[in-house]
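1. after the sequence you'll find the predicted model.
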Amino acid sequence: MGLSLKRPNPSTTFARLIANPGFQRWAARFPLTRRLARKDGEALFDLVSGFCHSQILQAFVALDLHTLLLDGPKSLDSLALQTKVSHDRLAILLQAAAALGLVKRKRKSYSLSRKGAALAGVPGLSEMILHHDILYRDLRDPVAFFKGESETELAELWPYVFGQNADLPKETADRYSALMSGSQALVAEDTLRAVTLSDVRCLMDVGGGRGAFLSEVARRYPDMELKLFDLPGVVSDVPLELSGVVDIHAGSFREDPLPEGADAISLIRVLYDHPDHIVSDLLTKVYEALPDGGRLIISEPMSGGDRPERPGDAYFAIYTLAMRTGRTRSAAEISDLCRAAGFTDIRIPKTARRFVTSCLTAVKLS
Ligand SMILES: CC(C)=CCC/C(C)=C/CC/C(C)=C/C=C/C(C)=C/C=C/C=C(C)/C=C/C=C(C)/C=C/C=C(C)/C=C/CC(C)(C)O
Ligand SMILES: C[S@@+](CC[C@H](N)C(=O)[O-])C[C@H]1O[C@@H](n2cnc3c(N)ncnc32)[C@H](O)[C@@H]1O
């Protein structure tokens, strides 16, 4: 091997040092480095075994253990009877669930931990977890997945995103809307905590589903005029109590112009379902529908961009990649798209839980 005269790249040198098994053995013993080495080892092991953790959670929820334990501690015998899982195998599942912090174990009796009880109470979370069987199958061959060489089932679950025609089969609309509206309560709560609407006279929620966000807005701002715009197959099922309060518009933002009259327009978990050209067209339509001084409110899970982060980059980006129609964008990317559509005064208010949603607001100033 020839002698390299290139000056070593400091970051490569650092990586090679850490990757050296001899250095690792030394660092695991040396008092000043051993805690860090153990911490890195544990973190790596968590990544290695993460797919088992998700499947333990999936079985825990599918067997309804989170609701069975809501009434208080239960014995292994009674849980085995109720779940129809053999005593021995259920003991292993419950032991795993205890290790993951979902249950607490006292000899042969099990109760929900704080985390397990929170899981039982988060609206729509168990349905979300259960539908992950699809994403799990889509990720079975991860290299083919990232190369874009595999078909994905998630893309079939949300066929509306492909739809040039706005007529959505009722069954698909139902399944989709139930899953969406479950998590909508959290999204609405965090969005409305981050963005105040006290100066808004009329809000139109575009892609607002069956109006879950608008019902929360109506609760907090009872005098606000509200409009909902979504596909015909979706808005036909807006609950009756809401249809009296909300002005409903059926249409497709791909083909139809947006109704005018609102001084604020919200796009809640809409952009990440679509590719850039559709997002650009939609933002232009939103701009056109708003009056001078009108405000755009975007809320959806976002990528960390320059600062990659787990919820946006290691979950939602993968989810939207499996859907094959949109992508998870960073606030900076969404800002660029908004600017290109004419918006100014772009702000990125902080939200409480990045795994629930992130927000961006912009203003039309012509
Ligand atoms: C009483 C004593 C002594 C002490 C109490 C101490 C105390 C106050 C403890 C707090 C306990 C508590 C209330 C905890 C609450 C925890 C909560 C609310 C947790 C919430 C978790 C939410 C999660 C994990 C949400 C996950 C959401 C997901 C995975 C959503 C996915 C959405 C997707 C994939 C949508 C995709 C569809 C499409 C088409 C791309 O849009
Ligand atoms: C991810 S969901 C979000 C629903 C709701 N905003 C929420 O956060 O739960 C996306 C919404 O956009 C709607 N949508 C998709 N394509 C549309 C289109 N071309 N025109 C109008 N709405 C559309 C869907 O029907 C759906 O209700």
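-> Noted; the coordinates are in hand. Ligands and ions are numbered 1, 2, ... in the order given.

2. where does the stretch 51-200 of the chain have low pLDDT?
-> 159-170, 172-173, 175, 177 (pLDDT under 70).

3. let's see it at 50
-> Along the stretch 51-200 of the chain, segments meeting pLDDT under 50 span 161-162, 164-165.

4. repeat for the stretch 201-350 of the chain
-> Checking the stretch 201-350 of the chain against pLDDT under 50 turns up nothing.

5. where do the helices sit along it?
-> With DSSP state H, counting those that start in this stretch as the definition, the stretch 201-350 of the chain shows helices at residue ranges 212-220, 232-235, 240-243, 276-289, 310-311, 317-323, 331-340.

6. look up phi and psi at the nearest residue to residue 69 once chain neighbours are set aside.
-> Excluding the flanking residues, the one nearest residue 69 by Cβ to Cβ, 6 or more residues apart in numbering is residue 112, at 4.6 Å. The way it works is simple: take the backbone N, C-alpha and C, and place the C-beta from them, glycine included. Main-chain torsions, residue 112, degrees, to the nearest 10: phi -70, psi 140.

7. swap in the one 10 residues further on?
-> Geometry field for residue 122 lists phi and psi as phi -70, psi 120, criterion degrees, to the nearest 10.

8. what about it, distance to ligand 1?
-> Distance, residue 122 to ligand 1, by Cβ to the nearest ligand atom, to the nearest Å: 4 Å.

9. ditto for residue 23
-> The spacing between residue 23 and ligand 1, counted by Cβ to the nearest ligand atom, is 38 Å.

10. check residue 67 too.
-> For residue 67, the distance to ligand 1 (Cβ to the nearest ligand atom) stands at 16 Å.

11. is it true that that residue touches residue 120?
-> Yes - with contact defined as Cβ atoms under 8 Å, residue 67 counts as touching residue 120 (6.1 Å).

12. what does the stretch 101-250 of the chain have sitting close to ligand 2?
-> 160, 180-181, 184, 187, 207-209, 212-213, 230-231, 234 (Cβ under 6 Å from any ligand atom).

13. of the residues you listed, closest to residue 17?
-> Using Cβ to Cβ, the shortest approach to residue 17 within those belongs to residue 187, at 44.1 Å.

14. number of residues surrounding the residue in the chain positioned nearest to ligand 2?
-> Nearest residue of the chain to ligand 2, counting by Cβ to the nearest ligand atom: residue 207, 3.0 Å away. Using other Cβ atoms under 10 Å, the number of residues around residue 207 comes to 20.

15. then residue 257?
-> 10.

16. which residues touch it?
-> Counting by Cβ atoms under 8 Å, 6 or more residues apart in numbering, residue 257 touches 285, 288-289.

17. which among those count as buried?
-> Buried by 16 or more other Cβ atoms under 10 Å: 285, 289, out of the contacts of residue 257.

18. for the contacts of residue 257, give me JSON lines that also has distance to residue 318.
-> Supplementary listing: the contacts of residue 257 in JSON lines, determined by distance: Cβ to Cβ, whole Å:
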{"residue": "285", "distance to residue 318": "29"}
{"residue": "288", "distance to residue 318": "34"}
{"residue": "289", "distance to residue 318": "33"}
